[in-house]
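> Just need the structure, nothing else, for what follows:
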Amino acid sequence: MTLATPTLDTDRLRLRPFTEDDAGFLYAMHSSTHVMRYWDSPPWTERTRAERFVSVCREVEDEGTGARVAIDRVSDGAFVGWCGLTAYDPVYRSASLGYCLGEAMWGHGYATEAAHALLRWAFDTLDLNRVQAEADTRNAASARVLEKVGFVREGTLREDCVVDGEVSDSWVFGLIRREWRPVLDGR
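The predicted structure is shown next:
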């Protein structure tokens, strides 16, 4: 079953399906040690990883297991990052949320705005009951984004990641349909 990747518009952003033209932006973002410092994988060292990411986005859509969207700034078309739902399960009506933004795009509310738009689509179109997300316990900014859009921190996965020999914990967040606030109160 295919799950069509949406195109979603907010006041400042356009969320859209990936194209091959996005590979350069993806590589620049995911090869940054600063951007990737809290990820469960090391920074990319080969551009082919970005090309594979775009291919996997199509595979996820074709398999019906999720949707990842590129995020562009409406004012100038600049690539902001990406946001996505994975592990989509229509039977359990659940999925997992993830996102990554380029460092120059941090601190402007773009992650919150993009996550909110994708969650609106997830609850309204996919009829989800639960969305889950994880964040490294050292990543307070990501935790704030999740809490702003209504997620509740549910627990800690102790020592769940080892990247380049560094062990880290992750927080697990959950957002239930009945707790979802469809109107974003600020950014």
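> Correct me if wrong: Ala114 contacts Cys100.
No: the pair formed by Ala114 and Cys100 falls short of the contact definition of Cβ atoms under 8 Å, at 10.5 Å. In short, each C-beta sits where N, CA and C put it, glycine included.
> where does Pro42 land in three-state SS?
Look at Pro42: counting by DSSP: H, G, I helix; E, B strand; the rest coil, its state is coil.
> And it, how far from Ala50?
Applying Cβ to Cβ, to the nearest Å, the value for Pro42 to Ala50 is 15 Å.
> Those two: which has the busier surroundings?
With neighbours defined as other Cβ atoms under 10 Å, Pro42 and Ala50 compare such that Ala50 has more, 22 against 14.
> all strands for the protein, in order.
8-9, 13-16, 67-73, 79-89, 94-101, 130-136, 152-163, 166-176 (DSSP state E).
> Mean neighbour count, those strands: which tops it?
Highest mean neighbour count of those: strand 67-73, a mean of 23 (counted as mean count of other Cβ atoms under 10 Å).
> Which secondary structure elements does that strand sit against?
Secondary-structure packing of strand 67-73 (3 or more Cβ pairs under 8 Å, 6 or more residues apart in numbering; DSSP states H and E): strand 13-16, helix 48-63, strand 79-89, helix 110-124.
> what do Ala114 and Cys100 both touch?
Applying Cβ atoms under 8 Å, 6 or more residues apart in numbering, one finds that Ala114 and Cys100 are jointly contacted by Gly81.
> and the most far-flung residue of the chain relative to its centre, what are its phi and psi?
Seen from the C-alpha centroid of the chain, the residue lying at the greatest distance (Cα atoms, centre = their mean) is Gly165, 24.9 Å away. Main-chain dihedrals, Gly165, degrees, to the nearest 10: phi 80, psi -10.
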